[in-house]
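Asker: From the sequence below, what's the structure:
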Amino acid sequence: QVQLVESGGGLVQAGDSLRLSCTASGRTSFSRCGMGWFRQAPGKEREFVATISWSGGSTYYADSVRGRFTISRDNAKNTVYLQMNSLKPEDTAVYYCAASLSVGGSARRYDYGYWGQGTQVTVSS
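Answerer: All right, here's what the predicted structure looks like:
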């Protein structure tokens, strides 16, 4: 089992930056998990944002955030990060951290068995 707690969300203006953090705990080793960030805007499906492999050596991004967002992890701290730069109003959503037993990470929501409660990111124009 893995418990995930996100932090770092908030209200910012377009063009600003935020860094989200997600700290894991539990019986399953964090370093054995691929990690991902997803987001869900009101009235929309939860969508993939970014994923990172167990070692941090492989990352993959949604087209909508590539070049603006960076996912990283610190296995010594059991934490995964999402650095978000050049934020746009369309980035407004609840952001969720997720853990997968697929060590390479995944862009597919259904590959993730553990989810955090989410953190709200609101970008004003």
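Asker: who does Ser25 bridge with?
Answerer: In this entry, Ser25 is beta-bridged to Gln3, by DSSP bridges.
Asker: I figured Ser7 was touching Thr119, is that so?
Answerer: Yes: assessed by CB atoms under 8 Å, Ser7 is found in contact with Thr119 at 6.2 Å. For glycine as for every other residue, the C-beta is placed from the backbone atoms N, C-alpha and C.
Asker: okay, those two: which has more neighbours?
Answerer: Legend: neighbour count by other CB atoms under 10 Å for Ser7 and Thr119, higher for Thr119 (22 against 14).
Asker: Dihedrals phi and psi, that one?
Answerer: Phi and psi for Thr119, reported as degrees, to the nearest 10, are phi -140, psi 140.
Asker: ok, for it, nearest residue in space, not its chain neighbours?
Answerer: Gly9 (3.4 Å; CB to CB, 6 or more residues apart in numbering).
Asker: mind listing what that neighbour touches?
Answerer: Gly9 makes contact with 18, 20, 95, 119-121 under the criterion CB atoms under 8 Å, 6 or more residues apart in numbering.
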